[in-house]
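Q: Sequence and predicted model, in that order:
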Amino acid sequence: MDDDLFPFPASAPGVDVVVKLGVVLAVVAHVGLLTTELTTARVLLVDIMASKLNSRTDGDVLIQRGYGLVMLSLVVLLFGIYMSLLSPTLAYFEFLPSRLHSMVAADIHYKYLPFLIVPAGLLFVIANWVGWQYYQNS
């Protein structure tokens, strides 16, 4: 393309849409179509640019994924609470049903990690989002 006629780099976002728009408008203007046909060309262009729903953006699928994520988070939380609170109690009474219980009971630093990973992760994500909004709007 000639740089004088098209000043944008070919790799810029939306260049294909701009080129298609220019071609459609040039053809319409060159042929001398009526305004109703120009409106039809604009509607076709808007239809091309509009996002289409597919199986990944359908609302039902997203809701099901959200429920799955909530259920998985609750399972991790309950398992972590079970292991971190029950293991020291069982160790006190010298009854450890599994090797995992004995490992958790012996640990003094990381026993709360399994069920605190979800709230800590959420706090991390929220803090980063707030920081990004502050950076983006300043």
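A: Perfect, I can see it now. Numbering: from 1, shown residues only.

Q: So which residues of the protein form helices?
A: Under the criterion DSSP state H, helices of the chain are mapped to 15-31, 35-49, 59-92, 99-106, 113-137.

Q: Can you give me the neighbour number for Phe93?
A: Burial of Phe93, expressed as a neighbour count using other Cβ atoms under 10 Å, amounts to 7. All C-beta atoms are positioned from the backbone trio N, CA, C, and that covers glycine.

Q: ok, now which ones touch it?
A: For Phe93, no contacting residues are found, by Cβ atoms under 8 Å, 6 or more residues apart in numbering.

Q: The one 3 residues further on now?
A: Counting by Cβ under 8 Å, 6+ apart, Leu96 touches Ser87, Leu90, Ser102, Ala105.

Q: Give the buried subset of these as a PyMOL selection command.
A: Per 16 or more other Cβ atoms under 10 Å, the buried members of the contacts of Leu96 correspond to this PyMOL selection:
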select buried, resi 87+90+105
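
Q: between the contacts of Leu96, which is nearest Phe115?
A: Top of the list for closeness to Phe115, among those and by Cβ to Cβ, is Ser87 at 12.5 Å.

Q: Quick check, the closest one in contact with Ile108.
A: No. Ser87 is beyond contact range of Ile108, at 11.6 Å (criterion: Cβ atoms under 8 Å).

Q: hang on, the earlier thing: show me which pair in the contacts of Leu96 is furthest apart.
A: Of all pairs drawn from the contacts of Leu96, the greatest distance, 8.7 Å, lies between Leu90 and Ser102 (Cβ to Cβ).

Q: On the pLDDT front, check Leu44 for me.
A: According to the prediction, Leu44 has pLDDT 58.

Q: Poorly predicted segments of the protein, please.
A: Counting by pLDDT under 70, the ranges of the chain that qualify are 1-59, 114.

Q: Outline the domain layout of it.
A: According to automatic domain parsing, the chain comprises the domains 15-49, 59-137.
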